[in-house]
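> Next one to model:
(2 chains)
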There are 2 protein chains.
Amino acid sequence: MKKEINFYPVILAGGRGTRFWPLSRKKRAKQLLALDGKETMIQQTLARLLPLASARKFWIITNQDLRPAIAKQLPRVPKNQLIAEPIARNTAPAIGLAAFLLLRQYPSAVLGLFPSDHVIADEKRFRETLQRGIKLAAAGANIVVLGIRPTRAETGYGYIEAGGAYQGEALRVRRFTEKPDATKADEFVNAGNYFWNSGMFLWSARTLADALKEHLPVTATLLEEIAATFGTNRFPATFRKLYPKCENISVDYAVLEPRSAKGEEAGNIFCLPADFGWNDLGSWTALHEHQTAKSSPPEENVMVSSGTFLLNARGNYVHAPGKFVAAVGVTDLVVVETPDALLITTRQQAQDVGKIVKYLDEKKMTKLT
Amino acid sequence: MKKEINFYPVILAGGRGTRFWPLSRKKRAKQLLALDGKETMIQQTLARLLPLASARKFWIITNQDLRPAIAKQLPRVPKNQLIAEPIARNTAPAIGLAAFLLLRQYPSAVLGLFPSDHVIADEKRFRETLQRGIKLAAAGANIVVLGIRPTRAETGYGYIEAGGAYQGEALRVRRFTEKPDATKADEFVNAGNYFWNSGMFLWSARTLADALKEHLPVTATLLEEIAATFGTNRFPATFRKLYPKCENISVDYAVLEPRSAKGEEAGNIFCLPADFGWNDLGSWTALHEHQTAKSSPPEENVMVSSGTFLLNARGNYVHAPGKFVAAVGVTDLVVVETPDALLITTRQQAQDVGKIVKYLDEKKMTKLT
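Residues are numbered from 1 along each chain as shown, chains lettered A, B, ... in the order given. Next comes the predicted model:
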């Protein structure tokens, strides 16, 4: 199967994940943390794909800060396929580079684009969905996106509006939309034919390269030029020089939105509904919800500790590994302890944790960021 | 002055102070902690008395667990005057022993009894009050107690009902009462002639010894026997053997209540109103209130940390020395971190911290108690 379909996973691992401060730091971003289970998020991302592609077929797009830790955590991925961007340039240049790099060696490669920091409950079903998507992407100039059935009027995600049925479970994509406001999000959820954009895509290297040439011609040329030096001693300098000139734009905005505007038929974009228990763990709150659903802890208290004493305590998330934690008379708190920092907030306010990192950045308290 | 009045401070330092868990432990009780300032509570207790008595005149009654730490913290107090009870026997035997020990060498000694874990804001005024009390205690078979003007209907303290005026500020004591219920406490506060029993007393060694002989004759005999061996190699064994046979009773209950029942005149007990900013720091909540009043921190957040970020945070007490603490959207919490434990509670529930220690005791988790 692997060889037949020529499937190459490209993992996007450049994010900083400030909402998991104080556990997440510049050099230890969310994807490098074992937030849910013994393996880190990126290790889990790799592991669940290994039945579809051996480790030497993975490409990781990350940054200079994170590359050393990723190399340690994913020892089986070839070092030269851990690409550290000289500067962050959003998803269009990142995955475009992967496409041009793969195209040179494997003209019929199908790329799978995966965030590095999501959890997936049913891995078997995840791979089955992927296999269908890979076939669809290999069949022509098709773009396949995995869409998550929305369970709430979430304003933090982009949405996919599905149109007509295509084949099997696949639906044609009518439109990509940016993060909506609360009213729009509500409409989307009620409409029934909207999906969350999971950030997981499948397309052939050829299709992706062509799409970039069409929609981002300057960037595409730069990326092709960079890719041409790969494997030579000119690569680092070329990468450093040309990559910053690429447009800082997401693939959704650069390619998918204009392409879907061509119409359902002409766009050739397909949505595969993904019913495999996806969660992007966007915050401590999301992690609490996820782990509560998974393990039903007493009174919904999720405690990472060496022991606990709970009295009139409900709905708390506490991360204090190695410590005995006593929670008395507290509800819906998030408390996270590291050797140099202590976060105390509520499940409701945990989305503001990014503001702490912003403050620390401004104050140049770099040891804490 | 010192020699004239023959004043000997006796510091009661056997308490465990479980309500300051996880900072307080069996071998590091509340009085050994620097909860308020750089010095520990017992160091402050000594320091504020030094202008009235040199360190060699202090006697400390404590237990085996705490003696080593106290010896370290109070290096100037003679080691043989750090008395470690073989078993806890409440205040009557503890101070009775001190009286019999002092009586042998200094028949005209005036003892000052002091808890080891209270704060006093105005030390000058404290010493002035003491000097008046010492004179009164030295003048005859008088017992002097320092009474705190109640500022709330506290049910956690014993109360002193004052009767007629005696001389200067001194009032005759009409009655000692146990900890009252809320209704009674309310009545006491409104009545105007009630004071909190501070646990600070002044009486001559002779008066105290006589009082014990009258009200606790068996215990008095045992204590006299123990004191007779002090300074000999028989002392440790005698102490270990006889002290457990003493009655386990407070001096309030054993002596002061029956004595005050004799009537205002016959009782010869006097109350000196103590207006020197007394606080017994009975809990994390009390510590928070005390430090808020003292230093008026922003939004009443008292933070022991290496730095803070506060957003919509109010009325919190956080103890995490050396850590950067971020508090977002939280109110009236108490969070205390030590190398092996983390307490998360509210100002209102902080009095239940003792229950944690009880649980740990029951589970024999001795490392944490």
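> what about A:Trp284, distance to chain B?
In this view, A:Trp284 and chain B are 11 Å apart by C-beta to the nearest C-beta, to the nearest Å. Every C-beta, even on glycine, is put in place using the N, C-alpha and C of the backbone.
> pLDDT weak spots in chain A?
Scanning chain A for pLDDT under 70 picks out A:1-5.
> if you set the cut-off to 80 instead, what comes out?
When residues are selected by pLDDT under 80, those of chain A lie in A:1-5, A:17.
> Can you list the residue ranges for helices in it?
Remark: helices assigned in chain A by DSSP state H are A:2-5, A:41-49, A:67-73, A:91-105, A:123-138, A:182-191, A:205-215, A:217-228, A:235-242, A:251, A:257-260, A:264-267, A:284-295, A:353-362.
> I'd like the ones you listed as CSV, with distance to A:Tyr317 and mean neighbour count appended.
Listed next are the helices of chain A as CSV, based on distance: least, C-beta to C-beta, whole Å; neighbours: other C-beta atoms under 10 Å in any protein chain shown:
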stretch, distance to A:Tyr317, mean neighbour count
helix A:2-5, 39, 11
helix A:41-49, 17, 22
helix A:67-73, 24, 17
helix A:91-105, 30, 23
helix A:123-138, 25, 19
helix A:182-191, 25, 15
helix A:205-215, 39, 21
helix A:217-228, 41, 19
helix A:235-242, 40, 15
helix A:251, 33, 25
helix A:257-260, 36, 18
helix A:264-267, 41, 14
helix A:284-295, 4, 18
helix A:353-362, 12, 18
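> of all these, which lies closest to B:Pro236?
The minimum distance between B:Pro236 and these falls on helix A:284-295, with 55.0 Å, by C-beta to C-beta.
> mind giving me JSON lines with the helices of chain A and columns for distance to B:Phe176?
Output for the helices of chain A, formatted as JSON lines (distance: least, C-beta to C-beta, whole Å):
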{"stretch": "helix A:2-5", "distance to B:Phe176": "87"}
{"stretch": "helix A:41-49", "distance to B:Phe176": "65"}
{"stretch": "helix A:67-73", "distance to B:Phe176": "67"}
{"stretch": "helix A:91-105", "distance to B:Phe176": "77"}
{"stretch": "helix A:123-138", "distance to B:Phe176": "72"}
{"stretch": "helix A:182-191", "distance to B:Phe176": "64"}
{"stretch": "helix A:205-215", "distance to B:Phe176": "87"}
{"stretch": "helix A:217-228", "distance to B:Phe176": "87"}
{"stretch": "helix A:235-242", "distance to B:Phe176": "83"}
{"stretch": "helix A:251", "distance to B:Phe176": "81"}
{"stretch": "helix A:257-260", "distance to B:Phe176": "82"}
{"stretch": "helix A:264-267", "distance to B:Phe176": "89"}
{"stretch": "helix A:284-295", "distance to B:Phe176": "52"}
{"stretch": "helix A:353-362", "distance to B:Phe176": "53"}
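> quick one: which of those is nearest B:Lys241?
Closest approach to B:Lys241 among the helices of chain A (C-beta to C-beta): helix A:284-295, 55.6 Å.
> export the closest one as PDB, just CAs?
Only the C-alpha atoms of helix A:284-295 are listed here, as PDB (Å, rounded to 0.1, in the frame of the first residue of the first chain):
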ATOM      1  CA  TRP A 284      -5.900  24.200  29.100                       C
ATOM      2  CA  THR A 285      -9.700  24.300  29.100                       C
ATOM      3  CA  ALA A 286      -9.900  22.100  26.000                       C
ATOM      4  CA  LEU A 287      -7.400  19.700  27.500                       C
ATOM      5  CA  HIS A 288      -9.500  19.500  30.700                       C
ATOM      6  CA  GLU A 289     -12.600  18.800  28.600                       C
ATOM      7  CA  HIS A 290     -10.800  16.200  26.600                       C
ATOM      8  CA  GLN A 291      -9.400  14.300  29.500                       C
ATOM      9  CA  THR A 292     -12.600  14.500  31.500                       C
ATOM     10  CA  ALA A 293     -14.500  12.900  28.600                       C
ATOM     11  CA  LYS A 294     -11.800  10.300  28.200                       C
ATOM     12  CA  SER A 295     -11.400   9.200  31.800                       C
END
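> neighbouring contacts of that helix?
With C-beta atoms under 8 Å, 6 or more residues apart in numbering or on different chains as the test, helix A:284-295 has contacts from A:19-20, A:35-36, A:119, A:121, A:279-281, A:297, A:300, A:302, A:315, A:317, A:334, A:336, A:345, A:347-348, A:350-351, A:353.
> Chain B next: which of the residues you listed are close?
For chain B, the contacts drawn from the contacts of helix A:284-295 by C-beta under 8 Å from any C-beta of the partner chain are A:345, A:348, A:350, A:353.
> from those, which is closest to B:Leu360?
For those, the closest approach to B:Leu360 (C-beta to C-beta) belongs to A:Thr345, at 27.3 Å.
> Now for the closest one, how many residues are close by?
Using other C-beta atoms under 10 Å in any protein chain shown, A:Thr345 has 27 other residues around it.
> Turn the ones next to chain B among the contacts of helix A:284-295 into CSV, including distance to A:Cys246.
Formatted as CSV, these follow (distance: C-beta to C-beta, whole Å):
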residue, distance to A:Cys246
A:Thr345, 37
A:Gln348, 39
A:Ala350, 34
A:Val353, 30
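> And the furthest pair within these?
Farthest pair in those, by C-beta to C-beta: A:Gln348 and A:Val353, 12.0 Å.
> related to what we said a few turns ago, so which of the helices of chain A is nearest B:Met365?
Closest to B:Met365 of these is helix A:284-295 (C-beta to C-beta; 23.9 Å).
> okay, the angle between the closest one and helix A:353-362?
On the basis of axes from the mean of the first three to the mean of the last three C-alpha atoms, to 10 degrees, helix A:284-295 is oriented at 140 degrees to helix A:353-362.
> how far does helix A:284-295 sit from the chain's center?
In terms of C-alpha atoms, centre = their mean, to the nearest Å, the centre of helix A:284-295 is set 18 Å apart from its chain centre.
> Among the ones next to chain B among the contacts of helix A:284-295, which one sits closest to A:Tyr157?
Nearest to A:Tyr157 out of these is A:Ala350 (C-beta to C-beta; 17.4 Å).
> Would you confirm that the closest one contacts A:Val334?
Yes: using C-beta atoms under 8 Å, A:Ala350 makes contact with A:Val334 at a distance of 4.9 Å.
> Quick check on the contacts of helix A:284-295: which are buried?
A:19-20, A:35-36, A:119, A:279-281, A:297, A:300, A:302, A:315, A:317, A:334, A:336, A:345, A:347, A:350-351, A:353 (16 or more other C-beta atoms under 10 Å in any protein chain shown).
> the longest strand in chain A is where?
Criterion DSSP state E: the longest strand present in chain A is strand A:194-204.
> CA atoms of that one as CSV?
Provided in CSV are the C-alpha atoms of strand A:194-204 (Å, rounded to 0.1, in the frame of the first residue of the first chain):
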residue,chain,number,x,y,z
TYR,A,194,-20.6,23.1,7.5
PHE,A,195,-17.5,21.5,8.8
TRP,A,196,-14.5,22.8,10.8
ASN,A,197,-11.4,23.1,8.8
SER,A,198,-9.1,20.6,10.5
GLY,A,199,-5.9,21.8,8.8
MET,A,200,-5.4,18.3,7.5
PHE,A,201,-5.1,18.2,3.7
LEU,A,202,-4.3,15.7,1.0
TRP,A,203,-3.1,16.7,-2.4
SER,A,204,-0.5,15.6,-4.9
